[in-house]
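Enquirer: build me a model:
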Amino acid sequence: MVLRLLQSLFSTAPDSTGKFDPALIRAAIERVVDGTDPRLRMARHYRKKLWTAVERSIEYVIEVVDALPPPVEIRGHSFMADPRLRALFTSTRHLQEILSFGKELHHYRQRISGGLPTDLYAVLRTERIEKTVLGVALEGDLIRRDVPQTTVNFHNHRVTFPTGSETKTRREVKKRAFDYLIEAALDRLVATRTQKQQLEQQQRQLLQKKTKLLRGANATLRPLTDPQAATPNTPAGIDKRLREIEVELGRIRADSATLDDHLAKVVVTLREPEKHLRLDRVTLTLDHMNIKVNQGASRNANTLTFDDVLLGKDRRITTLLIRFPSDEILPRPDFFEEANRLLYLGSQPRLTTI
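Expert: Predicted coordinates:
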């Protein structure tokens, strides 16, 4: 039921005042609570406290996904015609295999009844790696060796959110982006619990270490009373670290003592979605070997624009909205038939010549 309401949410625009249907916002709030901590329903006025933050996240997700450019059309000749595709894929065959054999396309075919639509829309996602290597460069009539060059490679290609229309694919991306923000809120709650558990474990280990030291033959009372002797491996040093841990634990317990505190953390995350999910337009000038070239250089190169989705602080995914004909999808290979063919060829007598 909540999923169907979310589909409606990302299929309709806000009214003239910029507000969404309250029933849809309530459904989104329930999805947030289910995805973070269902106990939040016991907090007073949890819907009221989440309302503005959830609305902000929804507006932001719609804004980000609507900013993606129109789909790139991919057909048989596209690899040679579009320099972006030549940068992303190693060959036409590589491109066809990525479009044809992805898990999400397989699941989509299982979900729909009948044949595939004439054209499929999806999001191509991949990860970009830039690495500095030593290569060869031509400067005028001179060939220079061991020149630092930046190579750009794309890997982990996936075709996601396949549907029969651009509108439906964009809607699926919006739903996934909203769910990602819920995951970010959950991560914040889990991080606090994890930090608390790690500190408590460290506290136990230090107490055990202190006990062993005090039981040792060389243990004296001097390290307990002399600050100069308070190294990490002495009872005095251990006591110092234990006091620091207790201060940290006290702060964490104060910050997460009630459900209202947990709810406040979720609200903060959803109120600032741009800290967890962003769209970054990147321009690269690459030659035919995917080596970065300075703009205006004499060598042949293409200036390409990609849209990167930034997740959290350090994860970056290059995305491309695409459209491709379903009749160009490669047939799934029959591994049993191929194995039999190889066995048959292997059993044939070889002709020899004299």
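
Enquirer: residues in contact with the closest residue to residue 61 other than its chain neighbours?
Expert: With sequence-adjacent residues excluded and distances taken as C-beta to C-beta, 6 or more residues apart in numbering, residue 61 is closest to residue 177, at 4.5 Å. Bear in mind the C-beta positions are built from the backbone N, C-alpha and C, glycine included. Residue 177 is in contact with 61, 64-65, 277, counting by C-beta atoms under 8 Å, 6 or more residues apart in numbering.

Enquirer: same check, this time on residue 52
Expert: residue 271.

Enquirer: give the buried residues for stretch 271-285.
Expert: For stretch 271-285, burial by neighbour count (16 or more other C-beta atoms under 10 Å) applies to 273, 276-277, 279, 284-285.

Enquirer: may I have it as PDB, with CA atoms only?
Expert: What follows is stretch 271-285, C-alpha atoms only, in PDB (Å, rounded to 0.1, in the frame of the first residue of the first chain):
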ATOM      1  CA  ARG A 271      16.100  18.000   6.400                       C
ATOM      2  CA  GLU A 272      19.600  18.200   4.700                       C
ATOM      3  CA  PRO A 273      19.300  15.700   1.800                       C
ATOM      4  CA  GLU A 274      22.100  17.600  -0.200                       C
ATOM      5  CA  LYS A 275      24.600  16.300   2.400                       C
ATOM      6  CA  HIS A 276      23.900  12.700   1.400                       C
ATOM      7  CA  LEU A 277      22.900  12.900  -2.300                       C
ATOM      8  CA  ARG A 278      24.100  15.300  -5.000                       C
ATOM      9  CA  LEU A 279      24.300  15.500  -8.700                       C
ATOM     10  CA  ASP A 280      27.600  16.700 -10.100                       C
ATOM     11  CA  ARG A 281      28.100  17.500 -13.800                       C
ATOM     12  CA  VAL A 282      31.600  16.600 -14.900                       C
ATOM     13  CA  THR A 283      33.400  17.600 -18.100                       C
ATOM     14  CA  LEU A 284      36.300  15.500 -19.400                       C
ATOM     15  CA  THR A 285      38.400  15.900 -22.500                       C
END
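
Enquirer: residues in contact with that stretch: which ones?
Expert: Outside stretch 271-285, the residues that touch it by C-beta under 8 Å, 6+ apart are 52-53, 56-57, 60-61, 64, 67-68, 87, 152, 177, 180-181, 184, 269, 292-295, 297, 301-312, 316, 318.

Enquirer: residue 98: which of the buried residues of stretch 271-285 is nearest?
Expert: Of all the buried residues of stretch 271-285, residue 284 has the smallest distance to residue 98: 20.1 Å, by C-beta to C-beta.

Enquirer: okay, and that closest one sits in which element?
Expert: Using DSSP states H and E, residue 284 falls within strand 277-286.

Enquirer: could I get the phi/psi values of residue 92?
Expert: The phi/psi pair for residue 92 (degrees, to the nearest 10) reads phi -60, psi -40.

Enquirer: identify the residues contacting it.
Expert: Contacts of residue 92 (C-beta under 8 Å, 6+ apart): 76, 79-80.

Enquirer: try 6 Å
Expert: The contact partners of residue 92, by C-beta atoms under 6 Å, 6 or more residues apart in numbering, come to residue 79.

Enquirer: what is the neighbour count of residue 59?
Expert: 15 (other C-beta atoms under 10 Å).

Enquirer: pull the CA atoms of the host helix or strand of it into PDB?
Expert: Here residue 59, judged by DSSP H and E, is contained in helix 46-66. Only the C-alpha atoms of helix 46-66 are listed here, as PDB (Å, rounded to 0.1, in the frame of the first residue of the first chain):
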ATOM      1  CA  TYR A  46       6.300  11.800  15.300                       C
ATOM      2  CA  ARG A  47       4.400  12.700  12.100                       C
ATOM      3  CA  LYS A  48       4.400  16.400  12.800                       C
ATOM      4  CA  LYS A  49       8.100  16.400  13.600                       C
ATOM      5  CA  LEU A  50       9.000  14.500  10.400                       C
ATOM      6  CA  TRP A  51       6.500  16.300   8.100                       C
ATOM      7  CA  THR A  52       8.700  19.200   7.000                       C
ATOM      8  CA  ALA A  53      11.900  17.200   6.700                       C
ATOM      9  CA  VAL A  54      10.200  14.500   4.600                       C
ATOM     10  CA  GLU A  55       8.600  17.100   2.300                       C
ATOM     11  CA  ARG A  56      12.000  18.700   1.900                       C
ATOM     12  CA  SER A  57      13.600  15.400   0.900                       C
ATOM     13  CA  ILE A  58      10.900  14.600  -1.600                       C
ATOM     14  CA  GLU A  59      11.200  18.000  -3.200                       C
ATOM     15  CA  TYR A  60      14.900  17.600  -3.400                       C
ATOM     16  CA  VAL A  61      14.800  14.100  -4.900                       C
ATOM     17  CA  ILE A  62      12.400  15.300  -7.600                       C
ATOM     18  CA  GLU A  63      14.600  18.300  -8.400                       C
ATOM     19  CA  VAL A  64      17.800  16.100  -8.700                       C
ATOM     20  CA  VAL A  65      16.200  13.400 -10.900                       C
ATOM     21  CA  ASP A  66      14.400  16.000 -13.100                       C
END
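
Enquirer: could you look up the SS state of residue 44?
Expert: Secondary structure state of residue 44, per DSSP: H, G, I helix; E, B strand; the rest coil, is coil.

Enquirer: can you give me phi and psi for it?
Expert: Dihedral angles (degrees, to the nearest 10) for residue 44: phi -70, psi 130.

Enquirer: and it, how far from residue 260?
Expert: As defined by C-beta to C-beta, to the nearest Å, residue 44 lies at a distance of 8 Å from residue 260.
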